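Undergrad: what follows is a predicted structure for the sequence shown.
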Amino acid sequence: MNGAINYTHTFSSGVVWHWPIAVYLLLAGMSGGALIVALLIRYYKKQTGVTPLFKGASLLSLVTILLGMVCLVADLDKPLYFWKILINYNFTSVMSIGVLALCIYIPLSFVVILYAFEKELNAFFANHFTFLKAFFGLIMNILNFIRPLMFVLTLIFAVAICAYTGFLISVLVRFPILNTSALPALFVASGLSAGIAGSGLIAAMFFREDTHSSDLKILHAIEWPVMAAEILLIGMIFVSLIIGSDVQKAASMAFFSGEYAKMFWIGVVGIGFVIPIVFNFLLGKTFAHTRFAFYVSSLASIIGVLMLRMFILYAGQTYSIFI
Amino acid sequence: MDTNLKRRAFVKYLALGSASITAASYGAVNDKPKAQTKKPNFGMIFDQNKCVGCTDCERACVKVNLVPKGQMRLFVEDKTDPNNRMQKRYVRVSCQQCVEAPCASVCPTNACHKDLLTGITTTNADDCIACKYCIVACPYDVRFINSENHAAESCNFCLDTNLAEGKEPACVEACRYDALVFGDLNDEESHISKLLRIKDSLRMRPECGTKPSLRYIPAVKMGV
Ligand code: SF4
Ligand code: SF4
Ligand code: SF4
């Protein structure tokens, strides 16, 4: 920066994107992550039927993405004008590309939920709204015919949704913490993490999946490499900040002092990483296998990912290139 | 340069600008082909040597552009070194009118865009949904949500107010010390281009790669 001419008075006054955006980033990541793992396990185990995990993941992904949309619209200063974003497109804008992806992803996750609950819905239409039964059967016939295609598309768009949330904020050049190339990868990894924890939780809670079933064992097995990737990516961002330019060094203070440092060390590291590791590895096998340990560590993972999004968003917008 | 001359010069740029567009659309040959090959790139100079921090420009901007109370598109920051009170330094804070404008490239609704005729970055308040993406994307942090119409905005060189009436931007008109110069950087004959050829000027944060059209002439140190 040239010292001769510089200003420090700026117009936005601090954090512009608030917690609804952080919650949206969590929900979108969790939605995409849940479908990614559920579909990958399906392919890996060559499953054809409907498993509790598949039900849990599909329910979670639709509910979270819809709640995410509510957060997104609620954060607009002109929420009633949100439809303008659907009729105007700007292909240089990550947000526009994201909206386009969401317009495909949301219907896809709706279709996935139809696959997951076809039997239940059939039974429902047999007793209620009987006039819809034939119609529903016709729809499902078509959908079942193109099922493999739908699954592949869903997988692609689930990855796209996870990644775009990272690109959305990594293009913001004013903020050294956000403007890193590792951020989109971190968001995919942490989205997967939340998706794994969330869909396991829903499957066990609502669809009576045994916490030691083979599906949940696989979930459990991939949980740790994903977490390792997350830690690695956070480390990369941290190192690139402390060895970087003056503004990057200044931004690395977010990890050491102030409210955001607490958010990071207690929320992301303590709750998100330490609790699951302690509960699963350090307190003995018998404790690790209890339902209690399963619920608490899944919940801790999700809270950790939320805290990561909060930290990235708030600390990111706090430390700008104006120092 | 007196105000009258400036005004005449500016009207000339506008005339040239529209002539070039007319010429382009009719494919006509004009007697001044050089000025017409390029679209205008309106820029401004802020001369730190001349600015006295009177803030007349701020007030003129608020008045002409109906900026809500308590908000501003243009701010003159006092950057005087506390250890050297004798040498006053002021810096204009406002949209830098980037040629590669991140605000326009991230706006999902194209509300924030480059005006087709003039290339000036401006915002169409009706299409803005106030997602604030442009605000966080601007490396200079000079955009804000207008508290009355809830749309994002920033300095647009008075595109829809003074410029539309053939006048210079309100701040330039208001400055009694000639600290501000406005004109077409792509026109080699313009006053601003001539000035830039003989004076050293800076762009704010060139490392952001946005190619600002606002130029700053820094104050030279007095004494040793
Ligand atoms: S300074 Fe900011 S608002 Fe102005 S054109 Fe550049 S990016 Fe856009
Ligand atoms: S706040 Fe308005 S002008 Fe800015 S990016 Fe969003 S829609 Fe575009
Ligand atoms: S009107 Fe001119 S001298 Fe006064 S603050 Fe503005 S730029 Fe400086």
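TA: That came in fine, so what should we check first? Ligands and ions are numbered 1, 2, ... in the order given.
Undergrad: in three-state terms, how would the residue in the stretch 101-250 of chain A positioned nearest to ligand 3 be classified?
TA: Per C-beta to the nearest ligand atom, A:R174 is where the stretch 101-250 of chain A lies closest to ligand 3, at 25.0 Å. No exception for glycine: its C-beta is placed from N, CA and C like everyone else's. What DSSP: H, G, I helix; E, B strand; the rest coil gives for A:R174 is coil.
Undergrad: again, but for B:G43
TA: What three-state DSSP gives for B:G43 is strand.
Undergrad: which residue packs closest to it, ignoring adjacent ones?
TA: B:S213 (3.8 Å; C-beta to C-beta, 6 or more residues apart in numbering or on different chains).
Undergrad: do the same with B:D200
TA: Setting aside the residues directly before and after it, B:D200 is nearest to B:I217 in space (C-beta to C-beta, 6+ apart), at 7.0 Å.
Undergrad: and the one you found, what are its bridge partners?
TA: B:D47 (DSSP bridges).
Undergrad: isn't it up against B:V91?
TA: No - counting by C-beta atoms under 8 Å, B:V91 is not a contact partner of B:I217; they are 11.4 Å apart.
Undergrad: which of the residues in stretch A:33-45 are classified as buried?
TA: Residues A:G33, A:A34, A:L35, A:I36, A:V37, A:A38, A:L39, A:I41, A:R42 are the ones in stretch A:33-45 that count as buried (16 or more other C-beta atoms under 10 Å in any protein chain shown).
Undergrad: from A:G49, how far off is the last one?
TA: Right, the one you point to is A:R42. 10 Å (C-beta to C-beta, to the nearest Å).
Undergrad: give me the neighbour count for the residue nearest to B:G43.
TA: Using other C-beta atoms under 10 Å in any protein chain shown, B:S213 has 23 other residues around it.
Undergrad: do a quick rundown of the helices in chain B.
TA: Per DSSP state H, chain B carries helices over the ranges B:3-26, B:33-36, B:56-64, B:102-106, B:133-137, B:170-174, B:191-198.
Undergrad: near chain A at all, the last one?
TA: Spelled out, that is helix B:191-198. No - contact of helix B:191-198 with chain A (C-beta under 8 Å from any C-beta of the partner chain) is absent, the minimum separation being 15.0 Å.
Undergrad: that helix - contacts with which helices or strands?
TA: If you count contacts as 3 or more C-beta pairs under 8 Å, 6 or more residues apart in numbering or on different chains; DSSP states H and E, helix B:191-198 packs onto strand B:42-47, strand B:180-184.
Undergrad: output the ones you listed as a markdown table; include the columns mean pLDDT and distance to A:S301.
TA: A markdown table is the format used below for those (pLDDT from 0 to 100; distance: least, C-beta to C-beta, whole Å):
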| stretch | mean pLDDT | distance to A:S301 |
| --- | --- | --- |
| strand B:42-47 | 96 | 52 |
| strand B:180-184 | 96 | 56 |
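Undergrad: select, out of these, the one closest to ligand 2.
TA: Among the helices and strands packed on helix B:191-198, strand B:42-47 comes nearest to ligand 2, with 20.0 Å by C-beta to the nearest ligand atom.
Undergrad: quick check: angle from that closest one to helix B:191-198?
TA: Angle of strand B:42-47 versus helix B:191-198, following axes from the mean of the first three to the mean of the last three C-alpha atoms, to 10 degrees, is 50 degrees.
Undergrad: roughly how far is strand B:42-47 from the heart of the chain?
TA: Distance of strand B:42-47 from the chain centroid (C-alpha atoms, centre = their mean, to the nearest Å) equals 6 Å.
Undergrad: and stretch B:58-77, by the same measure?
TA: 14 Å.
Undergrad: for A:F292, grab the count of nearby residues.
TA: By the criterion of other C-beta under 10 Å, A:F292 has 10 neighbours.
Undergrad: can you list the low-confidence ranges for the stretch 51-200 of chain A?
TA: Flagging of the stretch 51-200 of chain A using pLDDT under 70 yields an empty set of residue ranges.
Undergrad: which residue, other than its chain neighbours, is closest to residue 171?
TA: Picked chain A for this. A:V94 (5.9 Å).
Undergrad: nope, chain B please
TA: Closest residue to B:C171 in three dimensions, ignoring its sequence neighbours and counting by C-beta to C-beta, 6+ apart: B:C57, at 3.6 Å.
Undergrad: now B:Q96
TA: Spatially, and ignoring its direct neighbours in sequence, B:Q96 is nearest to B:P212 (3.5 Å; C-beta to C-beta, 6+ apart).
Undergrad: what do you get for A:M253?
TA: Of all residues not flanking A:M253 in the chain, A:Y319 sits nearest, at 7.1 Å (C-beta to C-beta, 6+ apart).
Undergrad: B:K88 now?
TA: Distance criterion C-beta to C-beta, 6+ apart; nearest residue to B:K88, sequence neighbours excluded, is B:T80 at 5.1 Å.
Undergrad: residues touching that neighbour, list them.
TA: Residues near B:T80 by C-beta atoms under 8 Å, 6 or more residues apart in numbering or on different chains: B:Q87, B:K88, B:R89, B:Y90.
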